[in-house]
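**Q** requesting a structural model of the entry that follows:
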Amino acid sequence: MTTNLNFLSQLNSSQRSAVEHFCGPLLVVAGAGSGKTRALTYRIANLIQNHQVDPENILAVTFTNKAAREMRERIEVIFTQNLAQKKHGQRLELLPEYEQKQLRSRVYKSTIKKLWIGTFHSLFGRILRYDINKYQDERGRTWTRNFSIFDDSDCQSLVKNITTKQLNLDEKNLNRDRYAIKLVMQKTKD
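**A** Sure, this is the predicted structure:
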């Protein structure tokens, strides 16, 4: 990714249009295997490299953790290869392993770590953790950054674990009383 032209030449016209979009948010909707991840990855790299957008100001929401991880990895490769070319005048894979590691670490600290890339759940968990220790509710309760977010399945597993392992209740009876457990869970949420 040494020049903008080389960078954009690897994209089809729809991808290129998404990558070159600069002002305002952009929604990319396309089918599986159409190159959405590539377009979004290159768009993020383009915003940082060619428009000097601070990585902390970029939000990329994906549907899966796998897609988010893949985007971060691809962006890291783009910037690490670019840095290797700039600093050493050669491709990353031609450098000694130790030098490659140093360059990856530098790119991670300066760019990748600051990006907001993830699923709705992971990003909003991160947002909650960001300043939650400063919040206090009307009863004076405070929270720490060390918390878990449970969905209904997680709650059911937790209640089942407590009732069978800690209260020594029979699991067979729990299946019959699942409605009662849901009521207890609902009251706990409220």
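
**Q** any idea of the pLDDT on residue 83?
**A** With respect to pLDDT, residue 83 scores 93.

**Q** and for it, the neighbour number?
**A** By other CB atoms under 10 Å, the residues close to residue 83 number 18. Placement of C-beta: from N, CA and C, glycine included.

**Q** surely it is in contact with residue 107?
**A** Yes. With contact defined as CB atoms under 8 Å, residue 83 and residue 107 form a contacting pair (6.1 Å).

**Q** need the helices for the chain, in chain order.
**A** Secondary structure of the chain by DSSP state H: the helices cover 4-8, 13-20, 36-51, 65-88, 97-110, 120-131, 152-161, 171-176, 178-189.

**Q** weakest of those in terms of mean pLDDT?
**A** helix 4-8 - the lowest mean pLDDT of those, at a mean of 59.

**Q** circling back: Serialize the helices of the chain to CSV and add fields for distance to residue 30.
**A** Below are the helices of the chain laid out as CSV (distance: least, CB to CB, whole Å):
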stretch, distance to residue 30
helix 4-8, 18
helix 13-20, 8
helix 36-51, 5
helix 65-88, 13
helix 97-110, 28
helix 120-131, 19
helix 152-161, 30
helix 171-176, 44
helix 178-189, 37
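
**Q** what do residue 83 and residue 107 both touch?
**A** The contact sets of residue 83 and residue 107 do not overlap (CB atoms under 8 Å, 6 or more residues apart in numbering).

**Q** which residue, other than its chain neighbours, is closest to residue 35?
**A** Spatially, and ignoring its direct neighbours in sequence, residue 35 is nearest to residue 15 (5.4 Å; CB to CB, 6 or more residues apart in numbering).

**Q** got the contact list for that neighbour?
**A** Residue 15 neighbours (CB under 8 Å, 6+ apart): 35, 38-39, 42.

**Q** can I get these in TSV with distance to residue 146?
**A** Shown next, in TSV, are those (distance: CB to CB, whole Å):
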residue	distance to residue 146
35	39
38	36
39	37
42	36
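
**Q** from residue 13, how far out is the closest residue to residue 106 other than its chain neighbours?
**A** Leaving aside its sequence neighbours, residue 106 sits nearest to residue 83 (CB to CB, 6+ apart; 6.9 Å). According to CB to CB, to the nearest Å, residue 83 and residue 13 sit 29 Å apart.

**Q** cool, residue 104 as well?
**A** For residue 104, the distance to residue 13 - CB to CB - is 33 Å.

**Q** same thing with residue 149?
**A** Residue 149 is 41 Å from residue 13, by CB to CB.
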